[in-house]
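In: model this:
(chains A and B)
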Amino acid sequence: MLNIKDLKVSIEGKSILKGINLEVKPGEVHAIMGPNGSGKSTLSSVIAGREEYEVEDGSINFNNEDLLSLDPEERAHRGIFLSFQYPIEIPGVSVTNFIKTAINESRKAQGLDAMPASKMLKKMREKMRLLEMDQNFLSRSLNEGFSGGEKKRNEIFQMAMLEPKLAILDETDSGLDIDALRIVANGVNKLRTPENATIVITHYQRLLDYIVPDFVHVLYNGKIVKSGGKDLALELEDKGYDWVKKEADNLV
Amino acid sequence: MEDLKEKLLSSFIAFESTLNGQAKSPIHKVRTKAIEVFEEKGFPTKRNEEWKYTNLKPILKHDYKLLSHPESEIEFKDVKRYFLHDTDTYKIVFVDGVFSSWMSRTTHDGYDICTFASAIEKYTHIVNKYFNKAASQEDSLTALNTAFAREGAFINVPDNTIVEKPIEVVFFSTNSDTEMMTMPRNLVVVGKNSQAQIIERHQSLHGNNVLTNVVTEIFAEESSHVSYYKVQNDEYTASLIDNTYVDQKEKSNCTVDTFSLGGKFTRNNLNFNLTGEHCECHLDGITIIEDDQLVDHHTRIDHKVPNCQSNELYKGIYDDKAKGVFNGMVMVHPDAQKTNAFQQNNNILLTDTASIDTKPQLEIYADDVKCSHGCTVGQLDDDALFYMRSRGIAEKEAKAMLMYAFSNDALKNVRIASLRSKLNLVFAKKLGVDLDFGL
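Out: Okay, the predicted model is just below:
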C-alpha cells in the first residue's frame, strides 16, 4: 500500500530525514517511535503533502502511484489522512460544514455525486456516538476554543467520516487524559478493517496499550534505526531511548 | 472645463433663485453660511491630515452636471434586485436626485417616512430643531452638502414607537449621457424608547461617472434603538463620499454597519457623538474589493460622558491593486469615566499590489476607562490552508472558505434576515464560495 524508499528530506537547507525505508500493507498497524526531534512529524507531514519540506531524494508510492507528485487534497482523495498533532483553529467554519465540504470534495474527485444531507447527518451521528461526542460539536467553529482532548477527538471523528485507506496519527495521545485516550483508541480500533492501514506516531508507549501495533519502528536522527514487533515498544518504555541511540551511534 | 468648485459656487446662486419665498427661512441661513465655509476651504487635498492617504483630485476632474432631474425612465423590474425581496419595507426612492413617488412607499401614519424636501415645508419645527445640529460646521464636504441640502430621506419616529418594517433609502442614477454629481441630505430622528431599521444604498444604473456627496444625520433619543446599514456595492464608475453623523442620548443603542463591496472610490466619514450616559454604539464594516477600487473608512467616536460603550470592528479583503484606508479615532473626553471602547481593524491582502493604510487611534483624557484597539494585516493562514487541503478540500475552495468565514463575522449584528442572506450571497459570489455547501 505505502512504499517509502530512501526518503531524504530537508527544510531550509537543514537535513531532517536521511534515508527512510518503510513498507505498510493493508490491515497493518505500524508504530513509529523516537525521541523528540528525530523527524517523526516531518515524516507524517511529507506523506500528507506539506509544501515547506524539500524532498531531496527517494520516493513515496501509494497503491503504485507516485505520491510526491500529488497535491495535499489529491492525496486525501486517494485515501490518506493525517491526524494533526496540533489541529488548527478555523473560526467561522463549523465542524459540520467543514466535514461536509471535505467529504463532497472527495466524492467529486471520484466522480460521485454529493452525499445526501440526511445520509451525511446519520453518518455524523453514528460516528459521534462512537467517539462519545456531544451533538453541539457540530455547530461549533472548527477547533475554536476546543480543549486539547476535544481537538484530538474531533480529528478522529473526521477520520471516521472520511474513512481513509491510510491513517497517520501524529502524537494523537498528547493532551489526552486516560479516559479520552481510551475513547479515541477504541474509535481507531473500531475503524480498522483488513483493507486499511494505520501509522501511529508517538513518543510514549501508552497509546500502544490500546492500539496494538504489528510493527514498531524507532526513528532516530532521521533514520529508522530499529524495527521489531510490539515488544520493542515495551522495551523502549522500560529502558528509554538511550540504548537505541547508543547502538545507532556506534553503527555510525 | 470649468473648475468644479467654481461651478458649484455659481450653481448655488442659481439654486437660491429657485427658492422663491424660502430664501429668508432659517434653513436657508444655514445653507448660506455653509457655502461660505466651502468657498473658503474648498475641496480637501492630500495636505489635509484626514486626506493624507486618499487623493480626491482624480474624481473631481469630471464635467459633472449638477441640476437634478430624471435623465431617463426606469422600470421597477430592472431595479428590483437593489431592494430587499421577501420583506415588506418602507421605501424612499430617488432617481437622479428627484423623488420617485411611484417606486416609493412612504407613510405619515404614526411616524413620518418621507422626503426631506416635503419635511422642510411640513415639519419645519423638526427640521429647524435637528437639521445640521449633528453635522460638522467645519468640514468642507459636509458644508458643501449643507449648502445644497434640499432633497433626501426624512425619517421621524416619535417617542414610544417601534417601526417594524425596515426602511429602504435608495438613490438611483441613470446617467447614461452625462456625468452627474448629487448631494442628498438625510435626516433621521428616532424618539425616546423608539426603534427603527434603515438601509441606505446608492446605485448607478449606467456606466458613466457619478459623484455622490451625501450627509446623513441620525439622532437617537433616550433609550432608542437604531440600526443603520449602508450597502455600498455600486458600479466601477461611481464615487461616493458618505458623511454620517450620529448623536446619541442616554441609554440609546445605535449600530451603523457599512458593507463596501463595489464602486470606484468610496470614502466613509462616520462620526458618533455620545452625549448621554449608558449608551452603546456598534460600528461594523466589511470591505471586499478588487481591481483598482478604493475604500477609505474614517471613523470618529467621541465619548463625552461617563458609562458608555463603543464597539468597532472593521474587516477588509483586498485583491489585485485595490487600496484600503482605515483611520479610526476614539476620543475619550475628560468627563467620560468608565468608558468601555473596543476597536479592531483586520485586513487580508491577497496580492503584493493591494494595500491598506491603517491607523487606529485612541486619545484618552479620563483615567478610569477600558479601551483597546488594534489592527492586523496579513495573508491567509498557511497552516489553516494545509489543514483544509489535507482533508481533501481543494486550495481554491479552502481559500474561499477562509475568506468567507473571515468576512461573515461582520454580519453578526445585521438584524434583518433578508438583508443578511442577500449580503451573504454577495460575499459568496465575490469570494467564489459555492453556497451549496450551506456555510
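In: What strand or helix carries residue 219?
Out: Defaulting to chain A. Assigned by DSSP states H and E, A:Leu219 falls within strand A:215-220.
In: that answer is for a different chain, and I need it for chain B
Out: Using DSSP H and E, B:Phe219 maps to strand B:210-220.
In: ok, back up a step: average pLDDT for the strand holding A:Leu219, rounded please.
Out: Strand A:215-220 shows a mean pLDDT of 94.
In: got the buried residues for it?
Out: Residues of strand A:215-220 classed as buried: A:Phe215, A:Val216, A:His217, A:Val218, A:Leu219, A:Tyr220 (neighbour count, 16 or more other CB atoms under 10 Å in any protein chain shown). All C-beta atoms are positioned from the backbone trio N, CA, C, and that covers glycine.
In: For the following helix or strand past that strand, what does the pLDDT average out to?
Out: Following strand A:215-220 in sequence order, the next helix or strand is strand A:223-228 (DSSP H and E). Averaging pLDDT along strand A:223-228 gives 92.
In: Next, the residue in chain A positioned nearest to chain B: secondary structure please.
Out: Chain A approaches chain B most closely through A:Gly92 (2.8 Å), counting by CB to the nearest CB. Under DSSP: H, G, I helix; E, B strand; the rest coil, A:Gly92 falls in the strand class.
In: Go ahead and confirm it touches B:Ala410.
Out: No. If you go by CB atoms under 8 Å, A:Gly92 and B:Ala410 don't touch, sitting 10.5 Å apart.
In: which one of the two has more residues nearby?
Out: Shown here are A:Gly92 and B:Ala410; by other CB atoms under 10 Å in any protein chain shown, B:Ala410 has more neighbours (23 against 18).
In: residue contacts, the more buried one?
Out: By CB atoms under 8 Å, 6 or more residues apart in numbering or on different chains, B:Ala410 lies in contact with B:Asp257, B:Phe259, B:Asp284, B:Gly285, B:Ile286, B:Leu313, B:Lys315.
In: Which one of the residues in chain B is closest to chain A?
Out: B:Ala405 (2.8 Å).
In: what's the nearest residue to that residue if we skip its chain neighbours?
Out: Take B:Ala405 and drop its neighbours on the chain: the residue closest to it by CB to CB, 6 or more residues apart in numbering or on different chains is A:Gly92, 2.8 Å away.
In: Any buried residues in stretch B:403-412, and which?
Out: For stretch B:403-412, burial by neighbour count (16+ other CB under 10 Å) applies to B:Met403, B:Tyr404, B:Ala405, B:Phe406, B:Ser407, B:Asn408, B:Ala410, B:Leu411.
In: chain center to that stretch, what's the gap?
Out: Here stretch B:403-412 is found 19 Å from its chain centre; the criterion is CA atoms, centre = their mean, to the nearest Å.
In: Quick check: residues of the stretch 1-150 of chain A near chain B?
Out: A:48-51, A:71-73, A:75-77, A:81-82, A:84, A:87-88, A:90-94, A:97-98, A:100-106, A:109, A:114 (CB under 8 Å from any CB of the partner chain).
In: Any chance of TSV for the buried residues of strand A:215-220, columns distance to A:Ser139?
Out: Listed next are the buried residues of strand A:215-220 as TSV, based on distance: CB to CB, whole Å:
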residue	distance to A:Ser139
A:Phe215	40
A:Val216	40
A:His217	40
A:Val218	43
A:Leu219	39
A:Tyr220	44
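In: right, and out of these, which lies closest to B:Ala23?
Out: The nearest member of the buried residues of strand A:215-220 to B:Ala23, counting by CB to CB, is A:Leu219 at 89.9 Å.
In: May I have the beta-bridge partners of that closest one?
Out: Counting by DSSP bridges, A:Leu219 forms beta bridges with A:Ile224.
In: Tell me how far it lies from A:Gly228.
Out: The gap separating A:Leu219 from A:Gly228 is 13 Å, by CB to CB, to the nearest Å.
In: same check, this time on B:Ala366
Out: 70 Å.
In: ok, now B:Leu4?
Out: Distance from B:Leu4 to A:Gly228, counting by CB to CB: 85 Å.
In: So for those two, which residue has more residues nearby?
Out: For B:Leu4 versus A:Gly228, neighbours defined as other CB under 10 Å are more numerous around B:Leu4 (19 against 14).
In: OK, contacts around that one?
Out: B:Leu4 makes contact with B:Phe43, B:Leu60, B:Lys61, B:Tyr64, B:Met181, according to CB under 8 Å, 6+ apart.
In: Please, a ChimeraX command that selects the buried ones among these?
Out: The buried residues among these can be selected in ChimeraX (16+ other CB under 10 Å) with this line:
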select /B:43,64,181
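In: Using JSON lines, lay out the buried residues of stretch B:403-412 together with secondary structure.
Out: Below are the buried residues of stretch B:403-412 laid out as JSON lines (three-state DSSP):
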{"residue": "B:Met403", "secondary structure": "helix"}
{"residue": "B:Tyr404", "secondary structure": "helix"}
{"residue": "B:Ala405", "secondary structure": "helix"}
{"residue": "B:Phe406", "secondary structure": "helix"}
{"residue": "B:Ser407", "secondary structure": "helix"}
{"residue": "B:Asn408", "secondary structure": "helix"}
{"residue": "B:Ala410", "secondary structure": "helix"}
{"residue": "B:Leu411", "secondary structure": "helix"}
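In: and which of those residues is nearest A:Arg125?
Out: For those, the closest approach to A:Arg125 (CB to CB) belongs to B:Ala405, at 24.6 Å.
In: Can you name the residues that contact that closest one?
Out: Contacts of B:Ala405 (CB under 8 Å, 6+ apart): A:Ile90, A:Pro91, A:Gly92, A:Val93, B:Leu439.
In: burial count for A:Ile183?
Out: As a burial measure, A:Ile183 scores 20 neighbours (other CB under 10 Å).
In: Could I get the buried residue list for the strand or helix carrying it?
Out: Per DSSP H and E, A:Ile183 falls inside helix A:178-190. Burial within helix A:178-190, assessed by neighbour count using 16+ other CB under 10 Å, is assigned to A:Ala180, A:Leu181, A:Ile183, A:Val184, A:Ala185, A:Asn186, A:Gly187, A:Val188.
In: again, but for stretch A:136-152
Out: Within stretch A:136-152, the residues that count as buried by 16+ other CB under 10 Å are A:Phe137, A:Leu138, A:Arg140, A:Ser141, A:Leu142, A:Asn143, A:Phe146, A:Gly149, A:Glu150, A:Lys151, A:Lys152.
In: State the phi and psi torsions of residue 118.
Out: All of this refers to chain A. As for A:Ser118, its main-chain torsions (degrees, to the nearest 10) stand at phi -60, psi -40.
In: Oops, wrong one, chain B.
Out: The phi and psi values for B:Ser118, taken as degrees, to the nearest 10, are phi -70, psi -30.
In: Tabulate the contacts of B:Ala410 in CSV, adding columns for pLDDT, secondary structure and neighbour count.
Out: Shown next, in CSV, are these (pLDDT from 0 to 100; DSSP: H, G, I helix; E, B strand; the rest coil; neighbours: other CB atoms under 10 Å in any protein chain shown):
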residue, pLDDT, secondary structure, neighbour count
B:Asp257, 97, strand, 24
B:Phe259, 97, strand, 25
B:Asp284, 95, strand, 21
B:Gly285, 95, strand, 25
B:Ile286, 95, strand, 22
B:Leu313, 95, strand, 19
B:Lys315, 95, strand, 21
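In: could I get those as TSV with distance to chain A?
Out: As requested, these are exported to TSV (distance: CB to the nearest CB, whole Å):
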residue	distance to chain A
B:Asp257	17
B:Phe259	17
B:Asp284	15
B:Gly285	17
B:Ile286	12
B:Leu313	13
B:Lys315	11
